[in-house]
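Trainee: Here's a sequence, model it:
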Amino acid sequence: MKNQRFGVLLLSVGLAAAAALPALSQEKKANPLDHDISVRAITLAVTVQDKGGRYINNLTQADFTIAENGVRRAITFFNHSSDAPLSLTILLDVSGSMALDNKLAESKAALRDFLTGLIGPKDEVSLLIFADGDVEVASGFTSDRSGILTVLDRTEAFGKTALYDAVAVSPDFASKGKNEKRALLLVTDGIENDSRLSPDKALEIARRVDVPIYAIGYSIPLSEQLLGRYKRGSAVTSAGIIAILDRFSQATGGRAFFINAPRELRASLLEIKKELSQQYLIGYTSYVTADGEYRRIQVTAGKKKYRVRARQGY
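Mentor: All right, here's what the predicted structure looks like:
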């Protein structure tokens, strides 16, 4: 299969940007009178639920407040429409461990049903696959289901798993979708044995763009003997895999699912599509200095004790 390779290029850019952060901070300290400030438009995908998990979809702009580093910001953009078109990027793990127990075959079958039954005619989808240190554009953004399904059917499992590297570079690609509502859907068994980046560095790069990550951890190995065949180092455990995928999702405003059966996989995809249709898109203006400081975002909604999920910072 001839795919456009972009993993090395984007990863190099990501590493260079990450490496520049300490230098920016040092430059700021050396020049205390230098107030280099850039204006940045921040867009958040916000999910609101009650205590029972029901989606709340009748809120207005006036019901929301946004604070960045504890300072309230004025909302400059607000949109909530259940039929707003979606730009979805699927990030599919095709490494060798996904061949075990038919994980890749079952994932492909569930994604086929998802693409043919749940994705609307105005939605666009792209497919990224990762293995052996590369992330490949198997299919760019398209509303043509037939082409992406053909590519999906031909995909086979091979090589090692650079999960953290893939998570770092893929959100930037996903942010190029034409629709305002965007998301990244990661399907993986979570085994990591080939990344150059740590989970912390991968998350630092991934959360710079306004794309929530929805992670599906499918048939994560519970047996240490089985996990030991593929993992690199003793730090990778089943509990650790779950914690890392959950962290990637929560920090970016998405959600993580951990499942073991095809029917559960289909149910998770249905729930993700349902949640995306209920999201609010809310924007504000941030005034960012060149110190590379992490900026914490807090979103609240309404007077009731709703559960609000959005990107936690950047």
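Trainee: Quick one: mean pLDDT for stretch 188-207?
Mentor: If you average the pLDDT over stretch 188-207, you get 94.
Trainee: how close does L111 sit to F130?
Mentor: Distance, L111 to F130, by C-beta to C-beta, to the nearest Å: 15 Å. All C-beta atoms are positioned from the backbone trio N, CA, C, and that covers glycine.
Trainee: Mind checking which of these two has more residues around it?
Mentor: F130 (27 against 23; other C-beta atoms under 10 Å).
Trainee: For the more buried one, which non-adjacent residue is closest in space?
Mentor: A166 (4.0 Å; C-beta to C-beta, 6 or more residues apart in numbering).
Trainee: Could you look up the SS state of that neighbour?
Mentor: helix (DSSP: H, G, I helix; E, B strand; the rest coil).
Trainee: buried residues in the longest strand along the chain?
Mentor: If you go by DSSP state E, the chain has its longest strand at strand 37-49. Buried positions in strand 37-49, judged by neighbour count with 16 or more other C-beta atoms under 10 Å: I42, T43, L44, A45, V46, T47, V48, Q49.
Trainee: just stretch 137-144 next, same as before
Mentor: V137, A138, S139, G140, F141.
Trainee: Extract the C-alpha trace of stretch 94-105 and format it as PDB.
Mentor: The C-alpha trace of stretch 94-105 is given here as PDB (Å, rounded to 0.1, in the frame of the first residue of the first chain):
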ATOM      1  CA  VAL A  94      -1.300  -1.600  13.100                       C
ATOM      2  CA  SER A  95       1.800  -2.900  15.000                       C
ATOM      3  CA  GLY A  96       2.500  -6.600  15.300                       C
ATOM      4  CA  SER A  97       0.800  -7.000  18.700                       C
ATOM      5  CA  MET A  98      -2.500  -6.000  17.100                       C
ATOM      6  CA  ALA A  99      -2.400  -9.300  15.100                       C
ATOM      7  CA  LEU A 100      -2.900 -11.300  18.300                       C
ATOM      8  CA  ASP A 101      -6.400 -12.600  19.100                       C
ATOM      9  CA  ASN A 102      -7.700 -10.900  15.900                       C
ATOM     10  CA  LYS A 103      -7.500  -7.400  17.500                       C
ATOM     11  CA  LEU A 104      -6.800  -5.600  14.200                       C
ATOM     12  CA  ALA A 105      -9.400  -7.600  12.200                       C
END
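Trainee: Start the count at 24 instead of 1 going forward.
Mentor: In the new numbering, first residue 24, that becomes stretch 117-128.
Trainee: so S272 sits right up against Y237, yeah?
Mentor: Yes: judged on C-beta atoms under 8 Å, S272 makes contact with Y237 at a distance of 6.5 Å.
Trainee: which residues are in contact with both of those two?
Mentor: R278, A279 (C-beta atoms under 8 Å, 6 or more residues apart in numbering).
Trainee: Neighbour count: these two, which is higher?
Mentor: Using other C-beta under 10 Å as the criterion, S272 and Y237 rank with Y237 on top: 27 against 22.
Trainee: Which residues are in contact with the more buried one?
Mentor: By C-beta under 8 Å, 6+ apart, the neighbours of Y237 are A206, L207, L208, L209, S272, G277, R278, A279, F280, I295.
Trainee: Between these, which sits nearest G182?
Mentor: L209 (17.5 Å; C-beta to C-beta).
Trainee: With that, I have no additional questions.
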